[in-house]
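Colleague: quick check, what structure comes out for this input:
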Amino acid sequence: MERCGWVGMDALYEAYHDTDWGVPEYDSRALWEKLILDGFQAGLSWITILRKRENFRAAFQGFDPNIVATWGEEDVLRLLGDPGIIRHRGKIEAAIGNARVWQQIEAEGGFDRFLWDYVGGAPIQNKWQSLAEVPAQTDLSVRISKDLKKRGFKFCGPTIVYAFMQAVGMVNDHLVTCPCHLPVARLGQAPRT
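Modeller: Predicted structure coming up:
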């Protein structure tokens, strides 16, 4: 069995694929972090984000949305001067605004519940044979994207949302020939803790 073909030979990518990608994530803060990182990835390769992930975590105070929600122009300027992250004003401002929206959704019953309710609380188990079968977006990612945008989220188009859904295990898109497919499928059947 071989890993999913998108991994390549990069050790960082391999570790991410083997231990993180597709594993069901139910923590509201961690879900927000991954959605923000997927937004920063727009127009770039994911390996670029992986290489900067720890810098992002430091710059964004551990991706604590309650802290980020309080930030203003001074913080935007600080982040624009940080070479360890993607210095894009629109994405930085979106992350701050998205933290404020996260707070609203969290207060209404949880960001985790908001997202996982779209899939009935359990991952969609796909059985793709090849990368050519894996979609870039789905009707569901279009719906979630529209709903997030209605709430005020930015940098959350349908393709970003689908990549996010794959990353946090809302869908199991490991190919059936990948050694991670079955373990991730089993994690999706385990009771939520």
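Colleague: got the contact list for Ile105?
Modeller: Counting by C-beta atoms under 8 Å, 6 or more residues apart in numbering, Ile105 makes contact with Phe111, Phe114, Arg151. Bear in mind the C-beta positions are built from the backbone N, C-alpha and C, glycine included.
Colleague: again, but for Ser141
Modeller: If you count contacts by C-beta under 8 Å, 6+ apart, Ser141 has them with Pro158, Thr159, Val161, Tyr162, Met165.
Colleague: out of the residues you listed, which is nearest to Asp147?
Modeller: Val161 (9.6 Å; C-beta to C-beta).
Colleague: surely Arg100 meets Trp71?
Modeller: No: taking C-beta atoms under 8 Å as the contact criterion, Arg100 and Trp71 are not neighbours in contact, 9.7 Å apart.
Colleague: give me the longest helix you can find in the chain.
Modeller: Secondary structure of the chain per DSSP state H: the longest helix is helix 89-107.
Colleague: in what helix or strand does Gly188 lie?
Modeller: Using DSSP states H and E, Gly188 sits in helix 181-189.
Colleague: Arg100 and Trp71: which is more packed in?
Modeller: Between Arg100 and Trp71, counted using other C-beta atoms under 10 Å, the more crowded position is Trp71 (20 against 15).
Colleague: touching stretch 40-47 from outside, list them.
Modeller: Taking contacts as C-beta under 8 Å, 6+ apart, the residues outside stretch 40-47 that touch it are 10, 12-13, 48-49, 56, 85-86, 88, 91, 95, 155, 157, 160, 163.
Colleague: again, only this time at 10 Å
Modeller: Taking C-beta atoms under 10 Å, 6 or more residues apart in numbering as the criterion, the residues outside stretch 40-47 that touch it are 6-8, 10, 12-13, 16, 21, 37-38, 48-53, 56, 85-86, 88, 90-92, 94-95, 155-157, 159-160, 163-164, 167.
Colleague: tell me the buried residues in it?
Modeller: With burial defined by 16 or more other C-beta atoms under 10 Å, the residues of stretch 40-47 counted as buried are Phe40, Gln41, Ala42, Trp46.
Colleague: can you give me the helices in the protein?
Modeller: Using DSSP H, helices in the chain cover 11-19, 28-41, 46-59, 65-68, 73-80, 89-107, 111-116, 139-151, 158-167, 181-189.
Colleague: so which of those helices comes closest to His174?
Modeller: Nearest to His174, of the helices of the chain and by C-beta to C-beta, is helix 181-189 at 4.0 Å.
Colleague: and that closest one, what's buried?
Modeller: Of the residues in helix 181-189, those buried by neighbour count under the rule 16+ other C-beta under 10 Å are His181, Val184, Ala185, Gly188.
Colleague: show me the shaky parts of the protein.
Modeller: Per-residue confidence for the chain (pLDDT under 70) gives these ranges: 193.
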